[in-house]
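here you go, sequence then predicted model.
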2 protein chains.
Amino acid sequence: MREGKPIGLLLVQTAKAVSRAFEDELAARGGSRPVWLILLALMDGAHRTQADLAAAIGVRGPTLTHHLGGMERDGLLTRKRLPENRRVQVVALTAKGRATFHKLRQGAMSFDRDLDRRFTRAEMVTLRDLLGRFGASATVGFGPDS
Amino acid sequence: MREGKPIGLLLVQTAKAVSRAFEDELAARGGSRPVWLILLALMDGAHRTQADLAAAIGVRGPTLTHHLGGMERDGLLTRKRLPENRRVQVVALTAKGRATFHKLRQGAMSFDRDLDRRFTRAEMVTLRDLLGRFGASATVGFGPDS
DNA sequence: TATTGTTATACTCTATAACTATA
DNA sequence: TATAGTTATAGAGTATAACAATA
C-alpha cells in the first residue's frame, strides 16, 4: 500500500523545478546546460574522441557536433584535425572558453551551496544513498579549478 | 566542505534517467509526458479554465493549446465554448481519451511499483521529506480510478 | 479596457539517415 | 570495409508577441 504522490513523479517534478532554476542561473551568465556540460568535460580532459565526449555528456554524435559548432562560432573552443589521423578532431578550449567555464562554475557552485544549506551532513549522506538507489549513473562534478 | 558530486547535479541526473525511462514507458503505450499530465489533470477534474490547466501542468497557454490541439485531432478530447461566457473553452475527455488515460495509468503504476520496491517504508518517508526540502511544488498523482 | 484563448513564429535540444573523408 | 565526424532533415516541447473574440 503506497501513500501519497508516486515517488517517480515526485522525483521528476522536484528535479524539473531544480533543473529549471539551475538553467536560469547558467543563462544569467550566458550559458546553458549542454554548454556547461561540454566545458566541464573538456576541463576534466579525460575524453579522447568526440564520440567519447558525446557519451560523457549523454548525447549522440550529431547533437554534439551541433553544440560544438555553436561554441566554436562563439569563440569558446577550436577544432583541428590530428595530423596522424585526420579523421579525428581535437577539441580545445580557448581563453574565452576557459573564462566562460569559470563564470558558469561560479553560478553552479553558488547554486549548489544554496541547496546544500538545506540539509545536515547526515541528511546529505542519506539523500545521496537514496538517490543512488534509483540506479542512475553519473560522471561530472564541478571540474578542476584551473 | 562538501563531498562528492554536487547534490543538485546528482538530483537532476538521477531524475533525467528516471524521467527518460518513464517517458519510454508512456511512449510504448502511445503517450507522452505532456499528454499524460493533461489526461491526469482532466480526470482529476479540478481545473476550471485552460489557464488553470496550463498552470497545473506547468506550461504556458500556447503550449497547452498546442497539446490540446494534438489531442483533439487524435480524438482524445473535445473543446467547446461555454454558452454563458463564450471566451471559455470547456475541455472534456472522450471515451478514447479515458481509455488512453487508463492505458497510460497502467504504465505509470507499474513503473512506480518498480521504483517503490527499491525502498523500505521508512526510507520512503525519509526520501519524501528530503525531496520536499528542495522546495518544489506538486499537484498530481495517478488520478482517479474511473 | 480586461480576459480567454489562438495563431504565427521561432528557439533549443535532440535524433536518425545519409554522406564525406580517411584509414 | 570500418571509423570519425558532419550535413541534412525532422520532430518534440517550449516560449513570446500579436491577435481575435468576448465581456
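Ah, there it is. Numbers count the residues shown, from 1 in each chain, chains lettered A, B, ... in the order given.

which helix or strand contains the spatially most central residue of chain A?
Centroid check for chain A by Cα atoms, centre = their mean gives A:Leu37 as the closest residue, at 2.9 Å. Assigning secondary structure by DSSP states H and E places A:Leu37 in helix A:33-44.

pLDDT wise, what is A:Ser110 at?
Per-residue pLDDT puts A:Ser110 at 88.

check which helices and strands the helix or strand bottoming out on mean pLDDT in chain A sits against.
Every helix and strand of chain A was ranked by mean pLDDT, DSSP states H and E. The lowest is helix A:7-28, at a mean of 83. If you count contacts as 3 or more Cβ pairs under 8 Å, 6 or more residues apart in numbering or on different chains; DSSP states H and E, helix A:7-28 packs onto helix A:33-44, helix A:95-116, helix B:7-28, helix B:95-116, helix B:121-132. (Each C-beta comes from the backbone N, C-alpha and C, glycine too.)

of these, give the one that comes closest to B:Asp44.
Closest of the helices and strands packed on helix A:7-28 to B:Asp44 is helix B:95-116, at 10.6 Å (criterion: Cβ to Cβ).

flag the shaky bits of chain A, pLDDT-wise.
A:1-3, A:136-146 (pLDDT under 70).

show me what residue of it gets nearest to chain B.
Nearest residue of chain A to chain B, counting by Cβ to the nearest Cβ: A:Ala15, 2.9 Å away.

contacts only, for that residue.
Neighbouring residues of A:Ala15 by Cβ atoms under 8 Å, 6 or more residues apart in numbering or on different chains: B:Leu11, B:Val12, B:Thr14, B:Ala15, B:Lys16, B:Ser19.

and of these, the nearest to DNA strand D?
Nearest to DNA strand D out of those is B:Ser19 (Cβ to the nearest atom of the strand; 11.2 Å).

which parts of chain A sit against DNA strand D?
A:49-51, A:61-62, A:64-66, A:68-69, A:79, A:87-89 (Cβ under 7 Å from any atom of the strand).

try 10 Å
Selection of chain A residues close to DNA strand D by Cβ under 10 Å from any atom of the strand yields A:16, A:20, A:47-54, A:60-69, A:72, A:79, A:81-82, A:85-91.

buried only: go through the residues you listed for me.
Buried residues within these, defined by neighbour count using 16 or more other Cβ atoms under 10 Å in any protein chain shown: A:Lys16, A:His47, A:Gln50, A:Leu53, A:Ala54, A:Leu64, A:His67, A:Leu68, A:Val91.

can I get the residues you listed in JSON lines including secondary structure?
What follows is these, written out as JSON lines (DSSP: H, G, I helix; E, B strand; the rest coil):
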{"residue": "A:Lys16", "secondary structure": "helix"}
{"residue": "A:His47", "secondary structure": "coil"}
{"residue": "A:Gln50", "secondary structure": "helix"}
{"residue": "A:Leu53", "secondary structure": "helix"}
{"residue": "A:Ala54", "secondary structure": "helix"}
{"residue": "A:Leu64", "secondary structure": "helix"}
{"residue": "A:His67", "secondary structure": "helix"}
{"residue": "A:Leu68", "secondary structure": "helix"}
{"residue": "A:Val91", "secondary structure": "strand"}
